Each structure stands twice: as structure tokens, then as C-alpha cells.
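1. return atomic coordinates for the entry below.
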Amino acid sequence: MQIRLLEDDPAVRKALEAALSDCSIAVIPEQASDAQEIYQSRPDCDLVVLGHHSEATELAALKQALWPTPVVALLNDPSTERVVESMRAGATDVLDRSLPAIDIAQSVQATCEAQQTAFGASTAERYFHPEHCRAMHDLQSSIYRIGKTDSTALIVGETGTGKELVALQLHAASARNDHSMVTVNCAAIPETLIESELFGYEKGAFTGATSARMGLIEAANDGTLFLDEIGELPLAAQARLLRFIQEGEIRRIGAVKSTKVNIRLICATHRRLDELAQSNEFRQDLYYRINVLRLDIPPLRERGNDIATMADWFAVHLADKLGVPARAFSKNSLKMINHHTWPGNVRELQNAVERALIMSDEVLLELDLPIDMGLPECAIAPDRAAEKVIDDSADELSLEDYFQRFVLQHQDAMNETELAQKLGISRKSLWERRQRFGMPRNKPTGDD
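-> This next block holds a predicted model:
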């Protein structure tokens, strides 16, 4: 275990370091002289002990900056009022600074072990810690603040940015973390089944209902309900969901009586719900009900140097999972990582790193990315004629030019699945683009 000790008194610090060492806890050397350095350095550690230090009066700000690393506060005067104040500011535990050093060390050891048991592993191993992106730092602070409440949260972000991971972090930070989090992908359930899946039904409620069934909302009782892609929820189900949020109760299909349910609701979407509400595609009253605490996840392309750092993190953790040696990226791959637009965001990056770990035969990892590297999505012009002549001498080519050229050059040698994989898109997207550009498949033989 590694901890960080913020203590200005040399004698106290020396005694604590010795006692912590006896408990098999290493203390990271402290060199920061002011708050700015403390917040920016952020070394990986299991816990922070805050004693007599300039940051002792700014515990709440320090806790937010270091989240999710737990902070133990050492107080000279651990009165009930000061203990409560410290706990409200985010301290995981509060100890009397005048206690023998070995007693403090043993309490810190117990706290570290409890944290690791709760999460199954150290937080540093389970989650990637943003280092350079201010927006992600702010997001992590908001997750900690919002997670401690029971209020409804709305997570907004592009596909692949990690909305479900944020929901899991909110649940883990809440008082409901001893109970389950039930995840519902609203876009994956057929419209005819969504209400029965969410609310359940009684025996004989409809043809085929041979027995009663509990709905997913009821299954999340005392825990957290995560409604992913809530923008895809049908209007009829939206009305029933609104009543559940307002009244805190549900009624199974075919039932006469309602059932009280106590859950924490978290919703997520990649769509603009405000615009959908304006066009009556999403109920405005439901939008206002779920848009209580909002978390906006920045796309990967806006996270700066964190993209390359995240790729390295994936390379280490995926290598362990796949049972292959971890390797560094080649210079060309690092250039690709920094210039690719990452339309699939974190999910695309993870898949690209996993593919490189498996397929690279070289000492360094070589990424195999789609041909749209470095070109912004705004370059897409859907109405451009398919028969447009492609100028090979042009300095830059749009995404459509690249797409058309690649398909025309390789469609005789590849089937549709191989073409889609090389382009980094699905077969459905490939078919849609063919229709848009008037490029029908001329050689179906060999397609799978």
C-alpha cells in the first residue's frame, strides 16, 4: 500500500512514517510547497492523510481535487463539531492527531484495506485517472459530489464516452452501493416489450403471461436504476415512468394495486433531449424531472494529452487480461493516437489498443486505424454526388473522397465485412453510404 502524508511538523511526520512502515505502508515523498503543485502532481496512491498542513483548512477542495482517493483527517481537537464538519467536507475518516503514531498507522491500514475490499481492487487499477484534461477533473469532482446524494442524475455524452462507467461510479459513491445497480438499455428493448420489462406484469395480463413477473424497476428496489439511452424510450412508457418518478410507486401491467419502490434514478443519452422535447418527441415534463443533476462527458478528441496516456493505460491492463506482454506504442502509432478524431471515443480507443496487442508482431505496438485519421466529421457532405471525379493531386481529401476511393480500389478483392472492418464502420453503415453515394455492390460473390 502507498499513501500520501501531508504533515508539516517534522517530528510528527517522522514518527508516522516509521509507524506506517511497520504496517507495510509506504509513504510517498512530499515535495509540493503549495496547493497548485499538490493538485497537479496527483501521484497514484491508496489514501491521503491530512495533518497539520496548509491544505487542512481547504479539505473539501482537496478532496474534490484528489477524488476518488480517500482522505483521512488528523485533528488536534477532534470535538464532535469538528469531526462532523470534516466528514461533511469529504473525509473518509477522522483521527485524533495526538494518538500514538502506531495507533494512527493501524487505523490508516484498516481504512486502506476497507477501501480495497469495497472496490475489489485499488481505484488506481480499476479506473483511468485523467492527468491533463481540466474538463475530466471537473467531471470527477462532480461525480463525487453528486454520488453522495439521492437526486436523479442525467449523464450526457457521445457514444463510447463511458456513460455507464460514470453511472457505476455514481452508484459506488452513494449510500446504496451495498445494493445492486440495474442497467436498462432503452434502445435495445423492442417497443412492444418496454413497459412489461420496466414495470412487470401479472399472470393473465395478456396472451402469454402464464405467470407474474417482476419488472426491472422493482428489481432495483433500494438500489440504483440506470436507464441508458433514455431518449429512445417510447412516449407511452415515458408517461408511466413520469408517474413512477413523481409518486415513487409502480403498477404492474394487469395489476390493481400499486407497489412502492425506493430507488435512485440515473439516466443517460447521446441525444439532445431539449431539442426532442421541443419537437414533442420526448415529454417535456419528463425531461425536467430527469434533468436535475447533469453530467456532460467530453468526447475523447477534446481530452488533449490524456488520449495518449489513456492508450498506454489500456495497453497495460488489456495485456494482462489477454495474457500477452505489455508493449509501448511506436512513434507512428502515437502520432495516429493524437491526430485521429475518435468518433467512437473511448470504446474505439480500447478496441484499437486490444487489436494492436493481438495483431502486432513487432516489438512496439502498431495501431490499425480507419482511413479518416485526422479529418473532422464536419468534412462529411451527404448530398455530394457519387460520380464526382476524385482528384489524386489534391492536398486534402474529404471523408467521402477517401471512402469512395477505398471502396472502388478494394471491393473486388474484399467482401463487405472486410471492407467495413478496414473502414472502421459496420456493414449497415457501409451499405447506407453505398446507397447515399450511388455505389451499389457490383460483385456480391464471396460476401458473408
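
2. mind checking how far Gly248 is from Met214?
-> Using C-beta to C-beta, to the nearest Å, Gly248 is found at 17 Å from Met214. From N, CA and C alone the C-beta is placed, and that goes for glycine too.

3. no, scratch that, I was asking about Glu247
-> Applying C-beta to C-beta to Glu247 and Met214 gives a distance of 18 Å.

4. one more: Leu20?
-> Taken as C-beta to C-beta, the span from Leu20 to Met214 is 49 Å.

5. the two: who's more crowded?
-> Leu20 (23 against 13; other C-beta atoms under 10 Å).

6. show me the contacts for that one.
-> The contact partners of Leu20, by C-beta atoms under 8 Å, 6 or more residues apart in numbering, come to 3, 5, 26-27, 105, 108-109.

7. need the three-state assignment for it.
-> What DSSP: H, G, I helix; E, B strand; the rest coil gives for Leu20 is helix.

8. need the pLDDT of it.
-> Model confidence at Leu20, given as pLDDT, is 84.

9. same check, this time on the one 4 residues further on
-> Looking at Ser24, its pLDDT is 77.

10. likewise for the one 10 residues further on?
-> pLDDT for Asp34: 45.

11. what are the boundaries of the helices in the stretch 151-300 of the chain?
-> 163-172, 194-199, 216-219, 235-247, 273-278, 284-290 (DSSP state H, counting those that start in this stretch).

12. those helices: which one's closest to Arg303?
-> helix 163-172 (14.4 Å; C-beta to C-beta).

13. buried residues, stretch 189-208. List them.
-> Within stretch 189-208, the residues that count as buried by 16 or more other C-beta atoms under 10 Å are 189, 194-202, 205.

14. stretch 161-173 too?
-> Buried, per 16+ other C-beta under 10 Å, within stretch 161-173: 161-173.

15. what is the nearest of the buried residues of stretch 189-208 to Arg436?
-> Ile189 (29.3 Å).

16. just give the nearest non-adjacent residue to the closest one, would you?
-> Glu197 (5.3 Å; C-beta to C-beta, 6 or more residues apart in numbering).

17. check that neighbour and give its pLDDT.
-> 88.

18. in this structure Ile155 contacts Leu265, no?
-> No. Assessed by C-beta atoms under 8 Å, Ile155 is found out of contact with Leu265, at 11.5 Å.

19. more neighbours: the two, which one.
-> Ile155 (28 against 22).

20. ok, and the closest non-adjacent residue to the more buried one?
-> Nearest to Ile155 is Ala268, by C-beta to C-beta, 6+ apart, at 4.1 Å.

21. do you know how far that neighbour is from Ala308?
-> Distance from Ala268 to Ala308, by C-beta to C-beta: 27 Å.

22. kindly report the same for Pro325.
-> Distance from Pro325 to Ala308, by C-beta to C-beta: 20 Å.

23. nearest residue to Gly204 in space, please, no chain neighbours.
-> In space, and not counting its chain neighbours, Gly204 is closest to Gly254: 6.6 Å by C-beta to C-beta, 6+ apart.

24. who are the contact partners of that neighbour?
-> 201-206, 209.

25. mind putting those residues into TSV with pLDDT and distance to Asp368?
-> Output for the contacts of Gly254, formatted as TSV (pLDDT from 0 to 100; distance: C-beta to C-beta, whole Å):
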residue	pLDDT	distance to Asp368
Tyr201	89	48
Glu202	89	53
Lys203	88	53
Gly204	85	55
Ala205	84	51
Phe206	82	49
Ala209	81	49
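
26. take these and keep only those in strands.
-> The strands, defined by DSSP state E, take in Tyr201 from those.

27. I'd like the contacts of Gly254 written out as TSV, with distance to Leu295 added.
-> Converted to TSV, those look like this (distance: C-beta to C-beta, whole Å):
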residue	distance to Leu295
Tyr201	33
Glu202	37
Lys203	40
Gly204	42
Ala205	37
Phe206	38
Ala209	38
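
28. what sits against Ile217?
-> 182, 198-200, 225, 244, 250, 261, 263.

29. coming back round to it: which pLDDT value goes with the residue nearest to Gly204?
-> 90.

30. could you do Ser398 as well?
-> 51.

31. and after the host helix or strand of Leu419, which helix or strand comes next?
-> Assessed by DSSP states H and E, Leu419 sits inside helix 416-423. Counting by DSSP H and E, the next helix or strand C-terminal to helix 416-423 is helix 427-437.

32. now Thr210: how far from Leu20?
-> Distance from Thr210 to Leu20, by C-beta to C-beta: 62 Å.

33. on that earlier part again, more crowded one of Ala268 and Ala308?
-> Taking other C-beta under 10 Å, Ala268 and Ala308 do not tie; Ala268 has more neighbours (26 against 17).

34. list the contacts for that one?
-> 154-157, 163-164, 166-167, 226-230.

35. then Pro440?
-> Arg434.

36. is it in a helix, a strand, or coil?
-> coil.

37. what does it show for phi and psi?
-> phi -70, psi 150 (degrees, to the nearest 10).

38. now do it against Glu158, distance only.
-> Taking C-beta to C-beta, one finds Pro440 at 31 Å from Glu158.

39. just Asp274 next, same as before
-> 16 Å.

40. how about Arg82?
-> Distance from Arg82 to Glu158, counting by C-beta to C-beta: 44 Å.
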